[in-house]
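Got a predicted model here, sequence first, then my questions.
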Amino acid sequence: MATPHDVAGAQPASAFTGATTAGARHPALATTRSWLTTVDHKRIGILYGVSAFAFLLLGGLEALLIRTQLLRPQLGVVSAEFYNALFTMHGTTMIFLAVMPLNAAFFNYIVPLMIGARDVAFPRLNALSYWIFLAGGLFLNASFLFGTPPDVGWFGYANLTTLPFSPGPAVDFWMLSVQILGVSSIISSVNFIATVLNMRAPGMTLMRMPLFVWMTLVVQFLIVLAFPAVTVGLIFLMFDRFLGTHFFDVAAGGDLHLWQHLFWIFGHPEVYILILPAFGIVSEVLPTFSRKPLFGAPVVIYSGVLIGFFGFGVWSHHMFAVGMGPVADAAFSIATMLIAVPTGVKIFNWLATMWGGRIRPSVAFHYAAGLVALFTIGGLSGIMHASPPVDLQQHDSYFVVAHLHYVLIGGSLFGIFAGLYYWWPKMTGRLLDERFGKLQFWVFAIGFNVAFFPQHFLGALGMPRRIYTYHRGSGWELWNFVSTIGAYVLGLGVLLFLLEAMRSLRHGARAPADPWDGRTLEWRTSSPPPVHDFDAIPPVYGRDSFWREKHGDSRGQRPAPRPPTPDPHGIHLPSPSFWPIVVASGLGIAAFGAIFHIGLVLVGAGVTVIGAFAFALEHHRNPAHANQVGALGVDHRKLAMWVFLGSECFFFGTLIATYMAYKGRSVVGPHPHEILNLPLTTLSTFDLLMSSLLMVLALAAVQRGDRFQTRLWLAGTVVFGVIFLGFQAYEFTQFVHEGLTLQTNLFGSTFFVLTGFHGGHVTLGVLWLATLLVLSLRNRLDTSDAIKVEVAGLYWHFVDIVWIVIFTLVYLIP
Amino acid sequence: MRGWQWWWEFHYPELELVTANELHLPAGRPVVLRLDGPDVIHSFWVPKLGGKRDVIPGRLNHITLTPDTPGEYWGQCAEFCGASHANMGMRVVVDSAADFDTWVARQKAPPAEPAGAAATGKTIFAGSACVGCHTIDGVSAGVLGPNLTHFGSRTMLAGGMWPNTPENVAEWVKDPQRLKPGVKMPTLGLTDDQAKAIAAYLSGLK
């Protein structure tokens, strides 16, 4: 089953560069094209890393402008409005465009290598995630070019973000780009969950997985479960701004707590999304340079999972000042204090790992140890705000600014730098200079502490956050001055790294495959790895498999060498694809259209839809893609669909919860009982349930190879789906005639958005099934394609189940 | 208490008093503030008098303060609320019981009738757009801006940010945007003399 994309031997490098005939004439063009169409996880990792570092520099520049404005009281370096834009863009950039994608760079490059895989489960989706991320990042920053950078804070509290208080396009840029970046994150997370669970080399059991892989897995779950909340919040905001709904309209009964809950249900897990990868990196770096296994590795794993779990139950500690009442305050306070336990456990495990180790103080080790020390400071100040009375003093003061930077720089960024120094040789094949690196570390570490430690004092002295200036005699002059000096030194530290990285790329010493005497599988292949990662799937002898192979286990017993693992898939290199970048640019165009012209929205949507279809059908019936059953014994696509549906549960859960919370808050009619048509909707519900039955029949038919019945039942499902949509169109039209629109009242806003998004999902399902039907009619859907019908069926059943919930809660319960 | 973009309005319902940006409290007595917001979310925070509480449109919040020591305390909005969030300060004056009563009596009394330049200022004020937003008892009844009936008795100006001197007031009424970016108060195109006259009038409203 050799296809043009299959490489039988161990010399696939020529396939990698994709030397086309055009490329032979224009090597630069070929290189560009190969990067634009790449689906190689290592190249995508590099793309993520380079883009994210560029955004990090931009966000850093914004930070330096902020600090310059605050150097002395009442400076006029920037205007008040521009200052507000600077801290908004700084926060949004650092979180979504720098730290998350820098982590993604490591997920992409390192995770497949660590689990002994040749790529991720869905290489093209991986490229799609990257290009959507880039589109979102460029779109957000395009707001500067139009002179309207967002200026409402990275948390965008409603109702400041609504049209009456932010009339220009600034907020549109912000909400659309965060929405786009969320799409990228969710796609990427579904992909990585499938990859980690399903693409592990034989023998790589879950408990043998390296800590970095574990933390990656936890983070992906956090992303798929946390992002839907903010996605829904942003949808409400978009509807309020573009279509005149009332979600955040106080006069119409809107509740401003809604946005804060939705934002922080996402926002607090987001903190762990930013920090857990760093914990994973440190858990790799410390054992390597202490030449000891990670102390209590299972406990570190469990505590990471617990942090992720508790991370969903603490969001309201961002909201102690809003007046939730003592019961809610106490509950969230206790949950927040609890989360300190697994976090503290990790700190002790890292200390115990270093304890008694033969430490080699490399730069990576410096950063990892730095994280242990500095994150502890940030963690401790975090526990301080877990107590509401204390938090009510510290909240929204510079004390919190100090705290969050100790977590996100002292934690995340120190971890990322540890990872950069650790994996640089693997990724580039070159070494970084260790002596220069130590200088860079100290400049960075000192600058960081001088910049942020004094901000604790400023907070205690009563300086609020997000103020563009302060007065003489406020008592804040000295520490602001010191902090700004520290920020410059910190910036210098980043710049030094950049210089050394450039030097190393050109003149750095060549890196061997295993420069640090590593413990995990990525060190078992060359630096940089060949395009197919491993000539043979590496054997796994246990935790720290490669170390055991080299040095034996704790008793020095070396495992018996194993014959090469049978590799049922062969070396299959996914072929490059243009469609990811096409789909991503479609989204970008649509976003611009939302601000500037409705026509562009249509163009963008068209490009996205066409791109998505072409993407989906590109490898239809490509034999190399037929077998995607992985380590869990499940097909990648099915696993991914289950994960995606988990995310969808939270999406619809949030929409439904909002409907329930806003029930009865409309200040004008019509109200639900005056307008809902129960008999009609019962009929359409019955129709939709029956379509699920036909879907089951269709799958059974395709599995036994019955073409006629496959077509019959697929067509039936499509028709029943269309009938349901017809009912919905009729219902909507009736309601509009009876005076209920999106703009009428809160009921109209919540009802149309909830049922409309469900209808949108049904529409997508109908399109999907219709595509399968067309394939079947063209005799391109047989038993071997049953998985495709099965995955579509999963989606279809899910959408039906959601309708049962909506029908019950919206229509049946008065 | 109401939080506006970007100033504070204080109602004393029992005393039937309205003032802005300067809150007088009697020492040693618990005071419950009802926090209400007509525009966006703000947060009431006087660091030395205790924690903060958000002022959320559509949701009534409360904060209880029991200031013990007479003196002046600085407060500032703690929730980002737009362009001039940084310029949304307040002064809280904790008075002894006797001083508080004196202050109340003075606030209740009508301000002295202006003379000279101040009288000119009053005429300009009464004939301009000022009256649309500001209340001065007996002169105007606007509700969108701070009540100015006893403006001259306050020590700070424009959201508690600048010393309340006639020079600053003149500068403020001439070009409010310069001192306070984004402020809702329009630039009325006053001449220097007109601004000075208004400043003289307002500063006299003790």
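Alright, I've got the coordinates.

which one is A:F807 nearest to, not counting chain neighbours?
Taking Cβ to Cβ, 6 or more residues apart in numbering or on different chains as the measure, A:F807 lies nearest to A:T685, with 4.9 Å between them; neighbours along the chain are not counted. In this view, the C-beta of every residue, glycine as well, is placed from N, C-alpha and C.

Would you list the phi and psi of that neighbour?
Here is the backbone geometry of A:T685 (degrees, to the nearest 10): phi -70, psi -40.

and the closest residue to A:G508 other than its chain neighbours, what are its bridge partners?
Nearest non-adjacent residue to A:G508, counting by Cβ to Cβ, 6+ apart: A:R430, 3.3 Å away. When bridges are assigned using DSSP bridges, the partners listed for A:R430 are A:R510.

A:R430 contacts A:P512, doesn't it?
No: checked against Cβ atoms under 8 Å, the pair A:R430 and A:P512 is beyond contact range at 11.1 Å.

A:F139 against A:A590, yeah?
No: applying Cβ under 8 Å, one finds A:F139 not in contact with A:A590, separated by 10.2 Å.

Spit out the contact partners of the residue of chain B found nearest chain A.
Distances between chain B and chain A by Cβ to the nearest Cβ are smallest at B:G51, namely 2.8 Å. Listed by Cβ atoms under 8 Å, 6 or more residues apart in numbering or on different chains, the contact partners of B:G51 are A:A321, A:P389, A:L392, A:Q393, B:W45, B:I63.

Go through the residues you listed and name the one nearest A:S362.
Distance from A:S362 was checked for each of these by Cβ to Cβ. The minimum falls on A:Q393, at 41.6 Å.

A:E270 and chain B, how far apart?
For A:E270, the distance to chain B under the criterion Cβ to the nearest Cβ, to the nearest Å works out to 19 Å.

quick one: the residue lying closest to that residue once chain neighbours are set aside and chain B, what's the gap?
Excluding the flanking residues, the one nearest A:E270 by Cβ to Cβ, 6+ apart is A:A226, at 6.4 Å. Computed with Cβ to the nearest Cβ, the distance linking A:A226 and chain B is 23 Å.

Can you spell out which helices and strands pack onto the helix or strand containing A:A226?
Secondary-structure assignment from DSSP states H and E places A:A226 in helix A:211-238. Here helix A:211-238 touches helix A:100-114, helix A:170-198, helix A:257-290, helix A:297-310, helix A:636-662, helix A:746-777, going by 3 or more Cβ pairs under 8 Å, 6 or more residues apart in numbering or on different chains; DSSP states H and E.

mind running it again at 7 Å?
helix A:100-114, helix A:170-198, helix A:257-290, helix A:297-310, helix A:636-662 (3 or more Cβ pairs under 7 Å, 6 or more residues apart in numbering or on different chains; DSSP states H and E).

Who has more neighbours out of A:R430 and A:P512?
When neighbours are counted by other Cβ atoms under 10 Å in any protein chain shown, A:R430 comes out ahead of the other of A:R430 and A:P512, with 19 against 13.

Just confirm A:Y541 is within a helix.
No: under DSSP: H, G, I helix; E, B strand; the rest coil, A:Y541 falls outside any helix and is assigned coil.

what about it, how many residues close to it?
20.

before we move on, the earlier item: buried subset of the contacts of B:G51 as a PyMOL selection?
In PyMOL syntax, the buried subset of the contacts of B:G51 is picked out as below (16 or more other Cβ atoms under 10 Å in any protein chain shown):
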select buried, (chain A and resi 321+392+393) or (chain B and resi 45+63)
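
Among the contacts of B:G51, which ones are in helices?
Helix and strand membership here follows DSSP state H; of these, those in helices are A:P389, A:L392, A:Q393.

where's the last one relative to A:P101, distance?
Relative to A:P101, A:Q393 is positioned 35 Å away (criterion: Cβ to Cβ, to the nearest Å).

got it, and the first one?
Note on A:P389: its distance to A:P101, by Cβ to Cβ, is 38 Å.

likewise the second one?
Applying Cβ to Cβ, the value for A:L392 to A:P101 is 35 Å.

Where do the strands of chain B begin and end?
Across chain B, reading from the start of the chain, the strands by DSSP state E fall at B:2-4, B:7-12, B:17-20, B:22-26, B:31-35, B:42-44, B:53-55, B:61-65, B:71-76, B:89-95, B:135-136, B:140-141, B:156-157, B:162-163.

Show me the one of those strands that comes nearest A:S184.
Here strand B:53-55 is closest among the strands of chain B (Cβ to Cβ), at 32.6 Å.

Please identify the pairing partners of the closest one and their relative orientation?
strand B:42-44 (antiparallel).

pLDDT of the partner strand, averaged?
When pLDDT is averaged over strand B:42-44, the result is 96.

Repeat that for stretch A:421-435.
Mean pLDDT, computed over stretch A:421-435, is 97.

Equivalent analysis for stretch B:163-182, please.
The model assigns stretch B:163-182 a mean pLDDT of 90.

Using CSV, write out every CA atom in that stretch.
Extracted C-alpha coordinates of stretch B:163-182, given in CSV (Å, rounded to 0.1, in the frame of the first residue of the first chain):
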residue,chain,number,x,y,z
PRO,B,163,-6.6,70.7,45.0
ASN,B,164,-9.7,72.9,44.9
THR,B,165,-8.1,76.2,44.2
PRO,B,166,-9.7,79.0,42.1
GLU,B,167,-6.9,78.6,39.6
ASN,B,168,-7.4,74.9,39.2
VAL,B,169,-11.2,75.4,38.9
ALA,B,170,-10.7,78.0,36.2
GLU,B,171,-8.4,75.6,34.3
TRP,B,172,-10.8,72.8,34.8
VAL,B,173,-14.0,74.5,33.5
LYS,B,174,-12.1,75.8,30.5
ASP,B,175,-10.7,72.5,29.3
PRO,B,176,-11.9,69.5,31.5
GLN,B,177,-10.5,67.0,29.0
ARG,B,178,-6.9,68.2,29.7
LEU,B,179,-7.1,67.4,33.4
LYS,B,180,-9.3,64.3,33.1
PRO,B,181,-9.2,62.4,29.8
GLY,B,182,-12.6,61.1,28.6
